[in-house]
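[1] Quick one, what's the 3D model for this:
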Amino acid sequence: MTLTILAPDGVPEIRAGDDLAALVVAALAPVDGDIVVVTSKVVSKAEGRVVRGADRAAAVAEELAEPGARLVARRGPTLIVRTRLGLTMAAAGVDASNVERGSVVLLPLDPDGSARALRLAVAEHGGVNVGVVVTDTAGRAWRTGQTDIAIGAAGLLVLDDHLGRTDAHGNELAVTAPALADELAGAAELAQGKLTARPFALVRGRADLVLPVGEAGSGAAALVRVEGEDLFGYGAREAVVRALAGDPADRAPFGAPAPTEEVVEAVTRVLGVVPTVDGERLTCPPDPRLAPLVFALGWAVQEAAEKAVIQPLTP
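    Model (predicted):
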């Protein structure tokens, strides 16, 4: 397989209202089966998502106040935010780079919608069927540095689930699912760079990932874990604080109730006492540490003078 990535120079500064599709077609000359990769920044600029004279911290606070957004972790001035779109990003994706000083760029309101619109417009301008990926830069848990990921996609297979397939040795695969759209975003960024004014890229050689005309696909939203399925719903410090506070509104990121054996192990380890098990009902001596412990496990505790009763929350 040969994969070709083109990221041309000479793309002009994008302004609100610019015809992004016309610029893409002129710069990339795509053909059927190509994948067009554009940075979210130029999409945001074209859609008027630049806020001039804005304080970045204030803009982040506004994004954090959006319905569905929440704080994941805080380290000094750095805020890691799960945005209303479900994207977990530093500063809620608010960016002050590659934009006029004193301005900030917000993420597109609907990155998948932007990708769909761009795909249709490229088809109108160039008469070609392409896949579209809208990218942004994000850090990764456990890893230093950042890489580009897909925050929007259209006309593209974004995930290749290998569940049920077997490898060359006959082993059945259970969790392997390459995030194709993210891999395309990272590959394109190698050619685009960060300081080179190359916001467009063309990936050629994976026409098998491009969907037929009229099929938009699942979009990049399919790559976002739903609330409660992410094993890192809070940062380490934040998880402790949230569990101790015990606010019911904070439960969702901790996930579904843990299985009974996990709760037994946790209670035994923390309290030094093995609880009595009666189905999904556990009893043990009362202890002030129980409430935050079982809160984090998706269970609830009722304490009396003689014993504490622990049960899973009803989903």
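[2] C-alpha only now, for contacts and for neighbours.
    Fine.
[3] Strands of this structure, residue ranges please.
    Assigned by DSSP state E, the chain shows strands spanning 4-6, 35-39, 50-52, 70-75, 78-82, 88-90, 103-105, 131-140, 143-154, 200-204, 276-278, 281-284, 299-303, 308-312.
[4] so which of those strands comes closest to residue 210?
    Among these, strand 131-140 comes nearest to residue 210, with 5.3 Å by C-alpha to C-alpha.
[5] Name the residues of that closest one that are buried.
    131-139 (16 or more other C-alpha atoms under 10 Å).
[6] got the contact list for residue 245?
    residue 292 (C-alpha atoms under 8 Å, 6 or more residues apart in numbering).
[7] What of residue 292?
    So residue 292 contacts 243-246 (C-alpha under 8 Å, 6+ apart).
[8] Check residue 79 too.
    Residue 79 touches 71-73, 90-92, counting by C-alpha under 8 Å, 6+ apart.
[9] Give me the spatial nearest neighbour of residue 118, chain neighbours excluded.
    residue 21 (5.9 Å; C-alpha to C-alpha, 6 or more residues apart in numbering).
[10] Is that neighbour in contact with residue 122, as I believe?
    Yes: using C-alpha atoms under 8 Å, residue 21 makes contact with residue 122 at a distance of 5.1 Å.
[11] and among the strands of the chain, the most buried is which?
    The highest mean neighbour count among the strands of the chain, using mean count of other C-alpha atoms under 10 Å, belongs to strand 35-39: a mean of 29.
[12] Pull up the pairing partners for that strand, direction included.
    strand 131-140 (parallel), strand 200-204 (antiparallel) (DSSP bridges).
[13] In a markdown table, list those strands along with distance to residue 64.
    Listed next are the strands paired with strand 35-39 as a markdown table, based on distance: least, C-alpha to C-alpha, whole Å:
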| stretch | distance to residue 64 |
| --- | --- |
| strand 131-140 | 17 |
| strand 200-204 | 29 |
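[14] Export the ones you listed to CSV and append columns for mean pLDDT and distance to residue 104.
    Below are these laid out as CSV (pLDDT from 0 to 100; distance: least, C-alpha to C-alpha, whole Å):
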stretch, mean pLDDT, distance to residue 104
strand 131-140, 96, 15
strand 200-204, 98, 20
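[15] Relative to residue 217, which of those strands is closest?
    strand 131-140 (9.9 Å).
[16] one step back: neighbour count for residue 21 and residue 122, which is higher?
    residue 122 (25 against 19; other C-alpha atoms under 10 Å).
[17] quick one: contacts for the more buried one?
    Counting by C-alpha under 8 Å, 6+ apart, residue 122 has contacts 21-22, 24-25, 128, 130.
[18] Which two of the residues you listed have the greatest separation?
    Of all pairs in these, the most separated under C-alpha to C-alpha is 22 and 130 at 14.1 Å.
[19] thinking again about what came up before, between the contacts of residue 122, which has the most around it?
    Neighbour-wise, the contacts of residue 122 (other C-alpha under 10 Å) top out at residue 130, 28 neighbours.
[20] contacting residues around the closest residue to residue 93 other than its chain neighbours?
    Nearest non-adjacent residue to residue 93, counting by C-alpha to C-alpha, 6+ apart: residue 107, 6.2 Å away. With contacts defined as C-alpha under 8 Å, 6+ apart, residue 107 is in contact with 40-41, 44, 49, 93-94.
[21] quick one: low-confidence ranges for the stretch 51-200 of the chain?
    163 (pLDDT under 70).
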